[in-house]
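> predicted model and sequence follow; I will ask about them next.
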Amino acid sequence: MQRLQAFKYELRPTGEQERQMRRFAGACRFVFNQALALQKANHEAGGKFISYVAMAKHLTAWRNGAQTPWLKEAPVHPLQHALKDLDRAYANFFAQRAAFPRFKNKGQRDSFRYPDAKQFRLDAANARIFLPKLGWMRLRLSRSLLGVPCNATVSLSGGKWFVSIQTEREVDQPVPKSGSAIGIDVGIARFATMSDGSYLAPLHSFKRHEAHLRRYQRAMSRKVKFSSNWKKAKARVQRLHARIGNARRDYLHKATTTISQNHAMVCIEDLQVRNMSQSAKGDAEKPGKNVQAKSGLNKAILDQGWAEFRRQLDYKLAWNGGLLIAVPPQNTSRTCPVCGCVSADNRKVQAVFRCVECGHEGHADHIGAINILARGHRVAACGEDVSHAKSARARRAASVKQDPTEATCSGAAPARGAVGIPRL
Ligand SMILES: [Zn+2]
């Protein structure tokens, strides 16, 4: 089995190398924006889509032109790769997977990629890496690199530079260590509830730092824009953002690693997080209801990282020989696992499930997880591929979690920062 894996290390550049990397990231951003502007202007003039090959010729002209002589100082392959990025952004847009490509701003995901392993060399024994036009650079070799390198991406995050090296290697077909199956219900009050009754408490990495973040952002807004004090304040905000993200990633990785090592089959709801967390305000024609509560809920949903949780579970289970099954989420929290009765009245408040037919009681999330597991067993037994049976659009419309959030929110106005859900 071919395994693709990326290894990310912190770089330890010299001052000059750091300045160069900033320039290279800036050059890639310039090329991306320039190509996007050209593509837009060409479309407005009625021209056809400019392919990558044709665009690369424009890049050569820009590099040799008199207007932007500094483009020549940046390595050519990362610049070409910026064009490939734009190409893919357009492809995703045409396939309705993503919104129309946007211009890049300075300071937002500054990065550049060397797309071929021939262009860089990792010297693990001396903990350093050779990068074109940058020379040898030291790095923190926090773990050893496995496999054959494919490409390397240099990026800036929270004031630190990193290199992420993608590798591929052949591994034995994995055999799951256990034969157990489990259903998982994700939620706000409990991050993940398993069908065996155990659960993971949420991390709330954003919520925990929210007050700090607000204070830093306020301090930044009081400074004169682009002054050196403003830049310092901005760096502080970015560092905090990086910390929040690191804590979340760490939590998710630990959770998904444990789950994927202990179970051969994991069933989850096929939720469309992007849909669920759509802007609470709505638009001018269709203003949203319960804006404050919903935007709080959105913040909480995005803070949890459900989408990332699923993505990690998917590949880690595959690495361990397990299987992830996404089941349709309709009524998982309203169905009684004992008598099969489906009713919204089964769950009048967030945490408690009480069947109106047979009186079966339990924690609502636990009941949800049991239903998800049962549904997953049916999907696995019938061999029907539920997750791809419907069109993406139909699935998106259907897959809204039916927690009684709106019902509980519509009463008293929720406290600031609260998500409008009764605490357990
Ligand atoms: Zn019942």
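Sure, I can see it.

> use CA for all of it now, contacts and neighbours both
Will do.

> select the helix or strand of the chain having the lowest average pLDDT value.
Counting by mean pLDDT, DSSP states H and E, the chain has its least confident helix or strand at helix 405-409, which shows a mean of 36.

> in this structure, where's the longest helix?
Using DSSP state H to define each element, the chain has its longest helix at helix 228-262.

> backbone phi and psi for the residue nearest the centre of the chain, please?
With distances taken as Cα atoms, centre = their mean, E308 lies nearest the centre of the chain, 5.1 Å away. The phi/psi pair for E308 (degrees, to the nearest 10) reads phi -70, psi -40.

> go on, F103?
phi -70, psi 140.

> OK, contacts around it?
F32, N33, L36 (Cα atoms under 8 Å, 6 or more residues apart in numbering).

> if we can go back for a sec, how much space separates the residue nearest to the centre of the chain from F7?
Between E308 and F7 the distance, using Cα to Cα, to the nearest Å, works out to 18 Å.

> rewinding a little: mind checking pLDDT for the nearest residue to the residue nearest to the centre of the chain once chain neighbours are set aside?
Nearest residue to E308 in three dimensions, chain neighbours excluded: L252, at 7.7 Å (Cα to Cα, 6 or more residues apart in numbering). According to the per-residue confidence, L252 scores 92 in pLDDT.

> if I look at the residue of the stretch 151-300 of the chain found nearest the ion, how far off is R375?
Sorted by distance to the ion under Cα to the ion, the residues of the stretch 151-300 of the chain start with S195, at 17.1 Å. Between S195 and R375 the distance, using Cα to Cα, works out to 12 Å.

> what number of residues are in the vicinity of K106?
The number of residues packed around K106, counting by other Cα atoms under 10 Å, is 11.

> host element of the closest residue in space to it that isn't next to it in sequence?
Computed as Cα to Cα, 6+ apart, the closest residue to K106 that is not its neighbour in sequence is G26, at 7.3 Å. For G26, the enclosing helix or strand under DSSP states H and E is helix 15-44.

> okay, now N320: neighbour count?
Residue neighbour count, defined by other Cα under 10 Å, stands at 19 for N320.

> go on, the one 5 residues further on?
Here the count is done by other Cα under 10 Å, and I325 has 24 residues near it.

> tell me the bridge partners for it.
Beta bridges link I325 to C267, judged by DSSP bridges.

> what separation do you get for it and D270?
In this structure, I325 and D270 are separated by 9 Å, where distance is defined by Cα to Cα.

> okay, now the unreliable bits of the stretch 51-200 of the chain?
Low-confidence segments of the stretch 51-200 of the chain, defined by pLDDT under 70, are absent; every residue clears the threshold.

> ranges for the helices of it?
Residue ranges of the helices in the stretch 51-200 of the chain, as given by DSSP state H, counting those that start in this stretch, are 52-64, 76-94.

> tell me which of the ones you listed sits most buried.
Burial of those is given as mean neighbour count (mean count of other Cα atoms under 10 Å); helix 76-94 ranks first at a mean of 18.

> distance from that one to the middle of the chain?
Relative to the mean C-alpha coordinate of its chain, helix 76-94 is positioned 20 Å out (Cα atoms, centre = their mean, to the nearest Å).

> relative to helix 15-44, how tilted is that helix?
With axes from the mean of the first three to the mean of the last three Cα atoms, to 10 degrees defining the directions, helix 76-94 sits at 40 degrees from helix 15-44.

> circling back to that earlier point, for the residue nearest to K106, report the pLDDT, please.
Looking at G26, its pLDDT is 95.

> measure it to L317 for me?
With distances defined as Cα to Cα, the gap from G26 to L317 amounts to 38 Å.

> before we move on, what about V352?
Taken as Cα to Cα, the spacing of V352 relative to L317 amounts to 31 Å.

> give me the more crowded residue out of these two.
More neighbours surround L317 than the other of V352 and L317, with 24 against 17 (other Cα under 10 Å).

> tally up the residues packed near L145, please.
L145: 18 surrounding residues under other Cα under 10 Å.

> wait, it touches K8, no?
No: using Cα atoms under 8 Å, L145 is not in contact with K8; the gap is 9.3 Å.

> ok, now which ones touch the residue of the stretch 151-300 of the chain closest to the ion?
Applying Cα under 8 Å, 6+ apart to S195 gives the contacts I182, G183, I184, H366, I367, G368, A369, I370, L373.

> quickly list what the residue nearest to the last one when sequence neighbours are not counted is bridged to.
The shortest distance from L373 to any non-neighbouring residue, by Cα to Cα, 6+ apart, is to G183 (4.1 Å). Beta-bridge partners of G183, counted by DSSP bridges, are C267.

> close enough to count as contact, A233 and M220?
Yes: taking contacts as Cα under 8 Å, A233 lies within contact range of M220: 5.1 Å.

> count of residues packed around the closest residue to R121 other than its chain neighbours?
What sits nearest to R121 in space, not counting adjacent residues and going by Cα to Cα, 6+ apart, is F130, at 5.0 Å. With neighbours defined by other Cα under 10 Å, the count for F130 comes to 15.

> so what's F130 up against?
Going by Cα under 8 Å, 6+ apart, F130 touches F120, R121, L122, D123, W136, M137.

> grab the nearest non-local neighbour of the residue in the stretch 201-350 of the chain positioned nearest to the ion.
Using Cα to the ion, the single residue of the stretch 201-350 of the chain nearest to the ion is C339, 4.1 Å away. Spatial nearest neighbour of C339, chain neighbours left out: C358 (6.8 Å); criterion: Cα to Cα, 6+ apart.

> the one you found falls within a strand, correct?
No: according to DSSP: H, G, I helix; E, B strand; the rest coil, C358 belongs to no strand; its state is coil.

> pLDDT at it, what is it?
In this model, C358 is scored at 89, pLDDT.

> same check, this time on G282
pLDDT for G282: 59.

> what does the one 5 residues further on give?
At P287 the predicted local distance difference test score is 60.

> any chance you could map the strands in the stretch 251-400 of the chain?
265-269, 323-327, 352-354, 361-363 (DSSP state E, counting those that start in this stretch).

> hmm, back to that, nearest approach to the ion belongs to which of the helices of the stretch 51-200 of the chain?
Taking Cα to the ion as the measure, the helices of the stretch 51-200 of the chain were each checked against the ion, and helix 76-94 came out nearest at 45.1 Å.

> would you mind writing the CA trace of that closest one as PDB?
Taking Å, rounded to 0.1, in the frame of the first residue of the first chain, the C-alpha atoms of helix 76-94 are listed here in PDB:
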ATOM      1  CA  VAL A  76      11.400  29.900 -10.900                       C
ATOM      2  CA  HIS A  77       9.800  26.600  -9.800                       C
ATOM      3  CA  PRO A  78       7.900  28.100  -6.800                       C
ATOM      4  CA  LEU A  79       6.600  30.800  -9.100                       C
ATOM      5  CA  GLN A  80       5.400  28.300 -11.600                       C
ATOM      6  CA  HIS A  81       3.800  26.400  -8.800                       C
ATOM      7  CA  ALA A  82       1.900  29.600  -7.900                       C
ATOM      8  CA  LEU A  83       0.300  29.400 -11.400                       C
ATOM      9  CA  LYS A  84      -0.600  25.800 -10.800                       C
ATOM     10  CA  ASP A  85      -2.300  26.800  -7.500                       C
ATOM     11  CA  LEU A  86      -4.400  29.300  -9.500                       C
ATOM     12  CA  ASP A  87      -5.100  26.700 -12.100                       C
ATOM     13  CA  ARG A  88      -6.400  24.300  -9.400                       C
ATOM     14  CA  ALA A  89      -8.400  27.100  -7.700                       C
ATOM     15  CA  TYR A  90     -10.200  27.600 -11.100                       C
ATOM     16  CA  ALA A  91     -10.700  23.900 -11.500                       C
ATOM     17  CA  ASN A  92     -12.300  23.700  -8.100                       C
ATOM     18  CA  PHE A  93     -14.500  26.700  -8.900                       C
ATOM     19  CA  PHE A  94     -15.600  25.200 -12.200                       C
END
